[in-house]
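> pasting the structure only:
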């Protein structure tokens, strides 16, 4: 029924209808980029309530702009889930969800929303080896998690590399049980904690402890492929370790997040079937000395390389702000590195939505999907263009007319 | 005669004689640049254009039908490329070995001594298409010294020089370790000190002590030759009775540059970090008659003083971020201000600068300015025409016109597009950069390691491991050392023996 309506509407001009409420908009753009289909020149998107009611060709609308894209999906929005959200009693806390630690009153949400990001994956901070469950939520709307939630228990978050052990010191001259001394203290131990958690789950080891049983219940869902495992893996070494763990425990669905150097292991990525979330490119395509001197290196064509190799990937802003740092800017910089426009657009909309399983609601402009739209002053992702309007669930949260 | 004052004298003379730019060494080679579009920045774009360059300057520019291609010219470009004038950097404190001195008031310093021709900054300038750069001391100063205009080409500062001894750096932002009061006091004192010195000089001259002359002779300065240059402070706002008695050559070198600043020989680049610095800077400029040759270097929230700047009619260089973020102290709500938009709306003439490390490329800066709401021409002017005028090089650089220096960029597309790259850079008729040969850029783009910088291959590592500390070379060295020691010992023994006899 919807498909029929959509195909009809796509081919026929849409008659301008009288508006019956605040939530109804007709947006006219020189180009509409639905992502799920070909760009529509001189296109119109009609919003009815919180959903997209029609997409097609046509003139005139309440809101005029140069281009319309779907609202962006950022799989690494980092808002106020700082150190306070790091559980200190254990390094493996799969049972905990970041939902309990989110500050919906943070100013950052508005900033992220006005940059065009309408859906975000919130993750626990990466100081635990297995940090807990992440949630997908809308970046605006009522300050109630229930109202913003798109998907609870969206992924289980883990971290490989030195971050979970950073700041941990081996106990010296004091009792080893001291609260202030956390383990692991090395990269090897991080991997060991990871492996132990999964091994114990397979063996049912320690399941008589109710907390551990709850952890193992989550890990079993990961092993069964019901829950994606998102692993922070920055350096090549981390990427390899994460993939070896996936293969060792036959974890069906793994997302490598902040995978700076995933591009160095194309064969391994393809063999293992992981998805990749790229970190932000440094503004204007140049890597500061920290990047160059460090063992992590992200060339500007990393996204283009992954695209060519057919590795599913998403771009992310990872909480960065300032000129050239928003998620939309990442899509521009990825194009500077050779990624085609369509792929760049998908990498900030439908591809990340698919990676966390929310593509039925967001990620493209299709009839029946959430009315999350970004209105542009020019060609999307060009630095000369600006996000001039944002609709979230049919509500105008950034008004292009006020600019 | 002491060599150092002589060198500085020659430089001073050169500076005063040369009103035009110091040219890059030229050959007779003609160069033709062809582009699908030439964005001249001095009128409408030219489709399928051609530029003829002779002796480092543009001698003809027009469509390919209008401009003939000499048979002996080198040809650069192609139908898909876009030609654009080289970007002009109105003010930077990069490209130096160490940007600042500890001395508060140091007008006598010359940036020439600090510029490092092999600084990575200059290589980057080529990559981004910046062809004219005004290098000044950093903002952490009171009176920082004199700067110079360079081109990012050459292994010596002389080769790089476009205009020596250009501009003087001052700052109304407190230098580190200073309060605002001590900063302003130090600035005032710099000029008060000069006045005292000059009054003293006049007094002594009147007393016919000939002190200044003796001092000049002692320092090895040629008094009579410099006399021909005229009297000190001939054109300055400052009036000091009896100053006409003082020949310029009599001025101590520590004070002479400040006198020259007052005479209008140097453009004053005054660093401002806060809106109140702007007020202080303008007051200083007015008091000493520098307003006509003052440029404000703005950071942070100086845009709040945009009206003051517009009223004073001085140009500005925007050194901070294009978007200023501020949190309301009461409500805690964040407010973002698009700085170029405010400056433009208030009528301030401004240049963008590549000082912000996050947005180094001028093309990217201009593009972001357009994205922020500035019209395209104003944004492009802010990286070409306006900085050229600020540097007094409005007739030399900043646009592609007949007679101007041939500083030409060839972009792979619209310069403001995110996908466009600088493919070629021509400075004064010389092709000096080609992206296809830029190995560092290849590394940044594709992760390809430039030659000689790659970490050792596995084979190399194994070799090293096998050799370890007992490599053949080490063994030879060890033998040598042993022999050397033996010989020495022998010699000692001989001596001992000799002594014994």
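Received, thanks. The shown structure was predicted, so the numbers you read here are calculated from the model rather than taken from an experiment.
> pull the helix or strand with minimum mean pLDDT from chain A.
helix A:289-293 (a mean of 40; mean pLDDT, DSSP states H and E).
> Next, the buried residues of stretch A:57-75.
A:57-58, A:61, A:63, A:65-75 (16 or more other C-beta atoms under 10 Å in any protein chain shown). Using the backbone N, CA and C atoms, a C-beta is placed for each residue, glycine as well.
> Then stretch A:363-370?
Buried residues in stretch A:363-370, counted by 16+ other C-beta under 10 Å: A:363, A:364, A:365, A:366, A:367, A:369, A:370.
> Over to stretch B:313-324?
Buried residues in stretch B:313-324, counting neighbours by 16+ other C-beta under 10 Å, are found at B:314, B:315, B:316, B:317, B:318, B:319, B:320, B:321, B:322, B:323, B:324.
> how about the strands of the stretch 301-450 of chain B, start to end?
For the stretch 301-450 of chain B, strands defined by DSSP state E, counting those that start in this stretch occupy the ranges B:316-318, B:323-327, B:334-338, B:350-352, B:408-411, B:422-427, B:430-434.
> For residue A:98, give me its contacts.
A:81, A:85, A:122, A:123, A:124, A:132, A:133, A:134, A:135, A:157 (C-beta atoms under 8 Å, 6 or more residues apart in numbering or on different chains).
> burial count for the residue of the stretch 51-200 of chain A found nearest chain B?
Here the residue of the stretch 51-200 of chain A nearest chain B is residue A:107; by C-beta to the nearest C-beta that distance is 5.5 Å. The number of residues packed near residue A:107 is 14, by other C-beta atoms under 10 Å in any protein chain shown.
> Need the phi and psi values for the residue nearest to the spatial centre of chain A.
Among the residues of chain A, the one closest to the centroid is residue A:75, at 1.0 Å (C-alpha atoms, centre = their mean). Residue A:75 adopts backbone torsions of phi -90, psi 10, taken as degrees, to the nearest 10.
> ok, back up a step: for the contacts of residue A:98, which one is nearest residue A:248?
The shortest gap between residue A:248 and any of these belongs to residue A:157, at 19.0 Å (C-beta to C-beta).
> what about the closest one, how many residues close to it?
Here the count is done by other C-beta under 10 Å, and residue A:157 has 30 residues near it.
> Can you give the strand pairings for the helix or strand hosting it, parallel or anti for each?
Assigned by DSSP states H and E, residue A:157 belongs to strand A:149-159. Sheet partners assigned to strand A:149-159 using DSSP bridges are listed as strand A:130-138 (antiparallel), strand A:229-232 (parallel).
> Off-centre distance for the first one?
Using C-alpha atoms, centre = their mean, to the nearest Å, the distance from the centre of strand A:130-138 to the centre of the chain it belongs to is 11 Å.
> Next: the shortest one.
Strand A:229-232 has its average C-alpha position 12 Å from the chain's average C-alpha position, going by C-alpha atoms, centre = their mean.
> quick one: average pLDDT of it?
Across strand A:229-232, pLDDT averages out at 95.
> is the following helix or strand past it up against chain B anywhere?
Using DSSP H and E, the helix or strand that follows strand A:229-232 in sequence is helix A:236-248. No. Under the criterion of C-beta under 8 Å from any C-beta of the partner chain, chain B is not reached by helix A:236-248; the shortest gap measures 11.1 Å.
> which outside residues touch helix A:236-248?
A:160-161, A:191, A:194-195, A:198, A:229, A:231-233, A:251, A:254, A:256, A:259, A:261-262, A:264-265, A:268-269, A:272, A:274, A:295.
> what lines up beside the next helix or strand after that helix in the sheet?
Going down the chain from helix A:236-248, the next helix or strand is strand A:254-257, by DSSP H and E. Next to strand A:254-257 in the sheet, as set by DSSP bridges, lie strand A:229-232 (parallel), strand A:275-278 (parallel).
> Report the mean per-residue pLDDT for strand A:254-257.
For strand A:254-257, the mean pLDDT works out to 96.
> I'd like the distance from it to the chain centre, please.
From the chain centre to the centre of strand A:254-257 is a distance of 11 Å (C-alpha atoms, centre = their mean).
> and if you look at stretch B:59-66?
Its chain's C-alpha centre and that of stretch B:59-66 lie 32 Å apart, by C-alpha atoms, centre = their mean.
> In it, which residues are buried?
B:61, B:62, B:64.
> Other residues contacting that stretch?
Contacting residues not belonging to stretch B:59-66 are listed as B:34, B:38, B:40, B:46-53, B:67-68, B:400-403 [C-beta under 8 Å, 6+ apart].
> Run through these and flag the ones next to chain A.
Among the contacts of stretch B:59-66, no residue is within reach of chain A (C-beta under 8 Å from any C-beta).
> Can you give me the buried ones in the strand holding residue A:157?
With burial defined by 16+ other C-beta under 10 Å, the residues of strand A:149-159 counted as buried are A:150, A:151, A:153, A:154, A:155, A:156, A:157, A:158, A:159.
> rewinding a little: now for the residue nearest to the centre of chain A: which residues touch it?
By C-beta under 8 Å, 6+ apart, the contact set of residue A:75 is A:120, A:121, A:230, A:255, A:257, A:277, A:314, A:316, A:352, A:355, A:356.
> let's see it at 6 Å
By C-beta atoms under 6 Å, 6 or more residues apart in numbering or on different chains, the contact set of residue A:75 is A:121, A:277, A:314, A:316, A:352.
> Strands - which of those residues land there?
Using DSSP state E, the subset of the contacts of residue A:75 located in strands is A:121, A:277, A:314.
> give the contact list for the closest residue to residue B:42 other than its chain neighbours.
Of all residues not flanking residue B:42 in the chain, residue B:399 sits nearest, at 3.9 Å (C-beta to C-beta, 6 or more residues apart in numbering or on different chains). Residues near residue B:399 by C-beta under 6 Å, 6+ apart: B:40, B:41, B:42, B:85.
> rerun at 10 Å
B:39-43, B:58, B:84-85, B:381, B:384-385, B:388, B:407 (C-beta atoms under 10 Å, 6 or more residues apart in numbering or on different chains).
> cool, and residue A:99?
So residue A:99 contacts A:122, A:132, A:133, A:134, A:135, A:137, A:145, A:146, A:149, A:152, A:153 (C-beta under 10 Å, 6+ apart).
> Can you lay out those as TSV showing pLDDT?
TSV is the format used below for the contacts of residue A:99 (pLDDT from 0 to 100):
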residue	pLDDT
A:122	93
A:132	92
A:133	94
A:134	94
A:135	95
A:137	96
A:145	92
A:146	93
A:149	96
A:152	93
A:153	93
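> Go ahead and build a PyMOL selection from the buried members of those.
In PyMOL, this line selects whichever of the contacts of residue A:99 come out buried by 16+ other C-beta under 10 Å:
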select buried, chain A and resi 122+132+133+134+135+137+153
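> which pair in the contacts of residue A:99 spans the largest distance?
Taking C-beta to C-beta as the measure, those span a maximum distance of 19.1 Å, between A:132 and A:146.
> And the pLDDT at the residue nearest to residue A:114 when sequence neighbours are not counted?
Leaving aside its sequence neighbours, residue A:114 sits nearest to residue A:398 (C-beta to C-beta, 6+ apart; 5.1 Å). Confidence at residue A:398, expressed as pLDDT, is 93.
> and which of the buried residues of stretch B:59-66 is nearest residue B:259?
Taking C-beta to C-beta as the measure, residue B:259 sits nearest to residue B:61 out of those, at 42.4 Å.
> what about the closest one, which helix or strand?
Using DSSP H and E, residue B:61 sits within strand B:57-63.
> Perfect, that will be all.
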